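> Here is my input, please return the structure:
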Amino acid sequence: MTPRIRASAVMACFVALLAQSRAFAATRAATSGFNSVRNPLLDADAAFHKKKSDGYRYHARAALNQLRAGAQSGDSIPPPEPPSNLRLLKFYFPCLALWISGPLLSLVDTSFVGLSAKAGAVGGSGSAAQLAALGPATTFIDGSLYLFAFLNVATTNLYANAKAKGISEKKNRAGADELPGEGVVRTAAKTSLFSGLGLMALLLAVARPLIALYIGPEAAASPGLLDAAHEYVQIRALSMPTSLLGGVLQAALLGAKDSVTPLISILYSTLVNICGDYFLVSRLHMGLKGAAIATLLAQLAGTIAMIGPARRKLLSKGSSLGLLPRWITKGAPDEINSRTFLKFAAPVLTLILGKISAFGFMTNAAAGLPGQPATLAAHQIALSLFFFASPFMEVISQTSQSFLPAYQVLPEPKKGKSVDEKEWAAASDRLVFRLESVGLLVGSLIAGVVGSIVAFFPGIVTKDAAVQAAARPLASILAAGAFLTAPVAVSEGTLIARKELSYLAGVYFISTALLPPVLRRIRAGGGPVSQVWVCFALFQLFRSACFVGRLLAIRGGGKAAASAGGAVPAK
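Numbering: from 1, shown residues only. Okay, the predicted model is just below:
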């Protein structure tokens, strides 16, 4: 059967060719004036037609694909134009600054404490003892914050989907039309603030016994280790409400594909942390207590700087973040309430628990190995470097969650036009392939960097010779774990954007259940700390194989384009 060619597709190709020829002619005219003098009017005309022809090219390609496919009838709504490399880079680097801020604060603390403490000193004032206390303390605090990262993931995805739909029929108290996604922002802000208050109260009440259980009796018996770690956690706990609130505001901005606005808060936060550590740790020699105060002030400054710009970007004029109860503000219910929000976030919480459990079991195993405190200090250096390297790959995961919803939320068919789900799914797959390729490249580079620091430049993070000797064997294994994080992170972000949450939760449940028995055997056998990191590298390899395999199995767009084929007919 001979396919019928759409007249509109032929016309689109013709218009694109005409625009290209006009741009070429205008360019020739602009450069061939009398005595080869450029004509500014013709230059402007050439630039105009070139820009116009560039816009036609994408639609011409879509039309050409329709001709090749031999579509039967009606016009098809093309998928969004793929983001250019420049647009992705403009999103990536500011977003990287956001992701790297948390690990950077802990790494700055580690460096200042390790370099300011007395190398080789006995007791709690020694470099190894201070780093050994900082290890479980920062892991405990970062793990507590990371436990609530499901709020950020839910915020980004729900807000990006609301923006893709582009519909909001609600008005605020000032009578102005609300922007799409305002309900998501208010619900996320209120949930994060209340969660932060609860987390702060929990840490202040039961942090000491939890840390003792976390590090084990052997490490807890080291002079001053438990006291120093507990004091650090108590101080950092005071920043939990504002830290979680700042996190969801950043997540909403990323869902709006805006990674530049939050940079102002990161600049404030980093500057305050570095100055605070220099003054309190290096000059006043307050040790872990000074590092904790500096990081607390940094997180408070970052969130305060975030609130104003976020309100102007995400909310319409006259709207508020909704941090107060509705019976006080007299506001109407939001379309995304706490129940809907947490329904999406609950499966993501399983992923977060799996990651936290892995690092927690690793630190617990390292704390029970012989050679303390140098063994645990070496593990802390490797862990801090891994947390520093991870955001370089996690940002690509964030990019997937921010850009893919535009392909997952199909538009409503219009009169005379249909939606070809296969075409939209193919465009989505092409973007995923680009992000996976970038992830492997970035993973290779960052793995080489962190491995080289441990192998050749351990003096950057500690002056203690015993800790340096214990850390060097971890170099190649740390590099392998960092590299494998690239396919894990990028594939995970894609699966979240495509709402494959049950599959992700199942993989994390299985891998997390298999990890502790192996680590317990390593701890019982008294093996070197490098065995702990070999176990982690295998953990990453398993997850990478599962996630990439799932993406290959669901090629075609995932759940948003799950229909067997063809186009959604026009109404």
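
> Can you show me the CA trace of the strand or helix carrying residue 144 as PDB?
Element membership for residue 144, per DSSP states H and E: helix 127-147. What follows is helix 127-147, C-alpha atoms only, in PDB (Å, rounded to 0.1, in the frame of the first residue of the first chain):
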ATOM      1  CA  SER A 127      44.900  14.700  63.900                       C
ATOM      2  CA  ALA A 128      43.900  11.000  63.600                       C
ATOM      3  CA  ALA A 129      41.600  11.200  66.600                       C
ATOM      4  CA  GLN A 130      39.900  14.400  65.300                       C
ATOM      5  CA  LEU A 131      39.400  12.900  61.900                       C
ATOM      6  CA  ALA A 132      38.200   9.600  63.400                       C
ATOM      7  CA  ALA A 133      35.500  11.600  65.300                       C
ATOM      8  CA  LEU A 134      34.700  13.700  62.400                       C
ATOM      9  CA  GLY A 135      34.100  10.700  60.200                       C
ATOM     10  CA  PRO A 136      31.000   9.200  61.900                       C
ATOM     11  CA  ALA A 137      29.800  12.700  62.900                       C
ATOM     12  CA  THR A 138      29.600  14.000  59.300                       C
ATOM     13  CA  THR A 139      28.300  10.700  58.000                       C
ATOM     14  CA  PHE A 140      25.600  10.900  60.700                       C
ATOM     15  CA  ILE A 141      24.600  14.500  59.800                       C
ATOM     16  CA  ASP A 142      24.900  14.100  56.100                       C
ATOM     17  CA  GLY A 143      23.000  10.800  56.300                       C
ATOM     18  CA  SER A 144      20.200  12.500  58.300                       C
ATOM     19  CA  LEU A 145      19.900  15.200  55.600                       C
ATOM     20  CA  TYR A 146      20.100  12.700  52.800                       C
ATOM     21  CA  LEU A 147      17.400  10.700  54.500                       C
END
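
> Where does residue 418 sit: helix, strand or coil?
strand (DSSP: H, G, I helix; E, B strand; the rest coil).

> name the helices or strands packed onto the helix holding residue 144?
For helix 127-147, the contact count by 3 or more Cβ pairs under 8 Å, 6 or more residues apart in numbering; DSSP states H and E identifies helix 85-116, helix 182-220, helix 225-237, helix 240-255, helix 287-314, helix 338-367, helix 374-403, helix 465-471 as packing neighbours. (Glycine included, C-beta is placed from N, CA and C.)

> could you dump these to JSON lines with mean pLDDT?
As requested, those are arranged in JSON lines below (pLDDT from 0 to 100):
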{"stretch": "helix 85-116", "mean pLDDT": "77"}
{"stretch": "helix 182-220", "mean pLDDT": "85"}
{"stretch": "helix 225-237", "mean pLDDT": "89"}
{"stretch": "helix 240-255", "mean pLDDT": "87"}
{"stretch": "helix 287-314", "mean pLDDT": "87"}
{"stretch": "helix 338-367", "mean pLDDT": "78"}
{"stretch": "helix 374-403", "mean pLDDT": "86"}
{"stretch": "helix 465-471", "mean pLDDT": "84"}
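
> Let me know how buried residue 317 is, in neighbour terms.
10 (other Cβ atoms under 10 Å).

> do the one 4 residues further on as well
As a burial measure, residue 321 scores 20 neighbours (other Cβ under 10 Å).

> thinking it is in contact with residue 308, fair?
No: contact criterion Cβ atoms under 8 Å: residue 321 and residue 308 do not qualify, at 10.8 Å.

> isn't residue 115 right next to residue 462, touching?
Yes: shown here, residue 115 and residue 462 form a contact pair, counting by Cβ under 8 Å, at 7.4 Å.

> Can you give me the neighbour number for the residue lying closest to residue 193 once chain neighbours are set aside?
Of all residues beyond its chain neighbours, the one nearest residue 193 is residue 245 (5.2 Å), with distances taken as Cβ to Cβ, 6 or more residues apart in numbering. Using other Cβ under 10 Å, residue 245 is surrounded by 26 other residues.

> I figured residue 245 was touching residue 191, is that so?
No: counting by Cβ under 8 Å, residue 245 sits too far from residue 191 to count as a contact (9.8 Å).

> between the helix or strand harbouring residue 512 and helix 182-220, how big is the angle?
Assigned by DSSP H and E, residue 512 belongs to helix 501-525. Interaxial angle of helix 501-525 relative to helix 182-220 (axes from the mean of the first three to the mean of the last three Cα atoms, to 10 degrees): 10 degrees.
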